[in-house]
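Chemist: just a sequence and a predicted model for now, questions to come.
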Amino acid sequence: MTARRPRLGRSLKPLRWPWAWCALWCLAIAAVVAFSLMPAPDLPDAPGSDKLHHFLAYFMLAASAVQLFARWPALLGAGLGLVLLGIGLEHAQGAMAFARMEDRMDALANTLGVIAGLATRLTPLHDLLLRIEARLAPPARS
């Protein structure tokens, strides 16, 4: 009897293009990192509060994880990773010497955004990406 290798991506939902969606999620995370470490004068002007921007960025990342991951352990791992990323980026901003500073309230806004994003798992929107994919590319008829 041969041992079965674990299937890669077993925590992902049964999406048609799971690796494409995961790649987009990773690109979104990379964009948040880049904007977080960019010198303040180079950031684009955006309406609204800085804390709101932090909240919304991490809300979108966590809500996107809800669309990708089917299992709670993977989802909670993603959420914990996002919280730690937000805290780490705030520390990195404090260590940088150019027009950025560490702000605990930014880290709190990031964390609250992650919690709110993960909470979408408890709403009817938790399978929105599956429904969008079904409309984009209906299954082939036999």
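Modeler: All right, it came through fine.
Chemist: for the strand or helix carrying Ile115, packing partners?
Modeler: Using DSSP states H and E, Ile115 sits within helix 104-119. With contacts taken as 3 or more CB pairs under 8 Å, 6 or more residues apart in numbering; DSSP states H and E, helix 104-119 sits against helix 50-68, helix 72-95. No exception for glycine: its C-beta is placed from N, CA and C like everyone else's.
Chemist: which residue, other than its chain neighbours, is closest to the residue nearest to the spatial centre of the chain?
Modeler: With distances taken as CA atoms, centre = their mean, the residue of the chain nearest its centroid is Leu61 (2.1 Å). Nearest residue to Leu61 in three dimensions, chain neighbours excluded: Leu82, at 5.5 Å (CB to CB, 6 or more residues apart in numbering).
Chemist: contacts only, for the one you found.
Modeler: Applying CB atoms under 8 Å, 6 or more residues apart in numbering to Leu82 gives the contacts Ile29, Tyr58, Leu61, Ala62, Ala65, Asn110, Val114.
Chemist: burial check on the spatially closest residue to the fifth one that is not a sequence neighbour, number of neighbours?
Modeler: Spatial nearest neighbour of Ala65, chain neighbours left out: Ala78 (4.1 Å); criterion: CB to CB, 6+ apart. Applying other CB atoms under 10 Å, we find 23 other residues in the vicinity of Ala78.
Chemist: how far away is the residue nearest to Leu61 from Ala30?
Modeler: Per CB to CB, to the nearest Å, Leu82 is found 13 Å from Ala30.
Chemist: buried residues, stretch 47-63. List them.
Modeler: Buried residues in stretch 47-63, counted by 16 or more other CB atoms under 10 Å: Lys51, His53, His54, Phe55, Ala57, Tyr58, Phe59, Leu61, Ala62, Ala63.
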